[in-house]
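> Sequence plus predicted model, see below.
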Amino acid sequence: MVRLLKHLLIPDWLARRPFPAAALERIGRAVTASERLHRGEICFAVEGGLPLQLLSASCRRRAEDLFGSLKVWDTEENSGVLIYVQLVDRDIEIVADRGIAARVAQAEWEAICRAMEQSFRNGQYLPGSLAAIERVTALLARHFPARGVNPDELPDRPALL
């Protein structure tokens, strides 16, 4: 019931306030720089309130649905990673495609999420986001280092939902 009330009462513009245009631009530049170091693809998605019909799903389920609809799964080497920020629920989920998930333990993704959530609790939205991208970059560079042709398969600018 509390979750429903929060999503109904907090307007999107208020929920998205921690991510102004300048912050989204910085995050996009960090993703671009990151993807020069590996063959993975990072999608950073920020969502304010959820539509009523989606409130019965967990944040993890929403992230998995977005992984599909944002086509993060559609990379040549199955090395896409979605960083999903649900602002009203104050929850972060990372969903990795099967190519990278086979090489990186879920506990590593969870640690990145929890560190990011801690930064957000301290009001450090941009620094927390950039630190998470750095940690994801390190994992992708270790398991999918850049070599030869390295096409940019997904948009680098964060998806604002």
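In hand now; what should we look at?

> distance of residue 136 from residue 123?
With the distance defined as C-beta to C-beta, to the nearest Å, residue 136 ends up 22 Å from residue 123. The way it works is simple: take the backbone N, C-alpha and C, and place the C-beta from them, glycine included.

> okay, the two: which has more neighbours?
Shown here are residue 136 and residue 123; by other C-beta atoms under 10 Å, residue 136 has more neighbours (25 against 9).

> So the more buried one: helix, strand or coil?
helix (DSSP: H, G, I helix; E, B strand; the rest coil).

> Quick check: it touching residue 35?
No: between residue 136 and residue 35 there is no contact, the gap being 10.5 Å when judged by C-beta atoms under 8 Å.

> between those two, what contacts are shared?
Common neighbours of residue 136 and residue 35, using C-beta atoms under 8 Å, 6 or more residues apart in numbering, are residue 42.

> Just read off the phi/psi values of residue 46.
phi -120, psi 130 (degrees, to the nearest 10).

> got a list of what the residue lying closest to it once chain neighbours are set aside touches?
Take residue 46 and drop its neighbours on the chain: the residue closest to it by C-beta to C-beta, 6 or more residues apart in numbering is residue 85, 4.7 Å away. Taking C-beta under 8 Å, 6+ apart, we find residue 85 in contact with 19, 44, 45, 46, 47, 92, 116, 129.

> Provide the secondary structure category for the most centrally placed residue in the chain.
Among the residues of the chain, residue 83 comes closest to the average C-alpha position under C-alpha atoms, centre = their mean, at 1.3 Å. State at residue 83, reduced to three classes by three-state DSSP: strand.

> Among the contacts of residue 85, name the ones in helices.
When DSSP state H defines the helices, the subset of these inside them is 116, 129.

> out of the contacts of residue 85, who's nearest residue 110?
For the contacts of residue 85, the minimum distance to residue 110 (C-beta to C-beta) is 9.8 Å, reached by residue 92.

> I'm done for today, thanks for sticking with me.
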